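K.L.:
sequence-free structure coming up:
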């Protein structure tokens, strides 16, 4: 399966990764395989290695906007939270 390399940085970059995974899951690939495929073809760079340079979302906001999306990914909402978990009580994506 050919996959173009995607270069992302800061902002909503995690959502791009999730959407790429969702596309493969919609083609009958399991989430873990999709994540491995996408991770191998994604280059992430950061120009602002401080907290202010990254999006942080409350867990309730993720629940509100991503409950159905997590189903499309074939993972639980708790799994989605773990993917974006940060050391604080927020979810950083």
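P.N.:
Ah, there it is. These figures come from a predicted structure and were not determined experimentally. Residues are numbered from 1 along each chain as shown.
K.L.:
Low-confidence stretches in the chain?
P.N.:
For the chain, applying pLDDT under 70 flags the ranges 1-3, 11, 87-93.
K.L.:
buried set for the lengthiest helix in the chain?
P.N.:
Taking DSSP state H as the criterion, the chain has its longest helix at helix 59-73. Of all the residues in helix 59-73, those buried under the rule 16 or more other C-beta atoms under 10 Å are 62, 66, 69, 70, 73. To be clear about C-beta, it is placed using only N, CA and C from the backbone, and glycine gets the same treatment.
K.L.:
now stretch 32-49
P.N.:
34, 35, 37, 38, 42.
K.L.:
any idea how far residue 19 is from the last one?
P.N.:
Spelled out, it's residue 42. According to C-beta to C-beta, to the nearest Å, residue 42 and residue 19 sit 12 Å apart.
K.L.:
Repeat that for the first one.
P.N.:
As for residue 34, its distance to residue 19 is 11 Å (criterion: C-beta to C-beta).
K.L.:
quick one on the thing from earlier: who's in contact with whatever helix or strand comes next after the longest helix of the chain?
P.N.:
Remark: after helix 59-73, the chain's next helix or strand is helix 77-83, criterion DSSP states H and E. For helix 77-83, contacts defined as C-beta atoms under 8 Å, 6 or more residues apart in numbering pick out 14, 59, 62, 63, 66, 67, 69, 70, 73, 91.
K.L.:
Where do the strands of this protein begin and end?
P.N.:
Using DSSP state E, the strands of the chain run over 6-9, 42-45, 56-57, 91-92.
K.L.:
Tell me which residues are up against the second one.
P.N.:
Same thing as strand 42-45. 5, 6, 7, 8, 9, 13, 17, 20.
K.L.:
What separation is there between the closest residue to the fifth one other than its chain neighbours and residue 53?
P.N.:
Across the structure, with C-beta to C-beta, 6 or more residues apart in numbering as the measure, the residue nearest residue 9 apart from its sequence neighbours is residue 45 (4.7 Å). Using C-beta to C-beta, one obtains 12 Å as the distance from residue 45 to residue 53.
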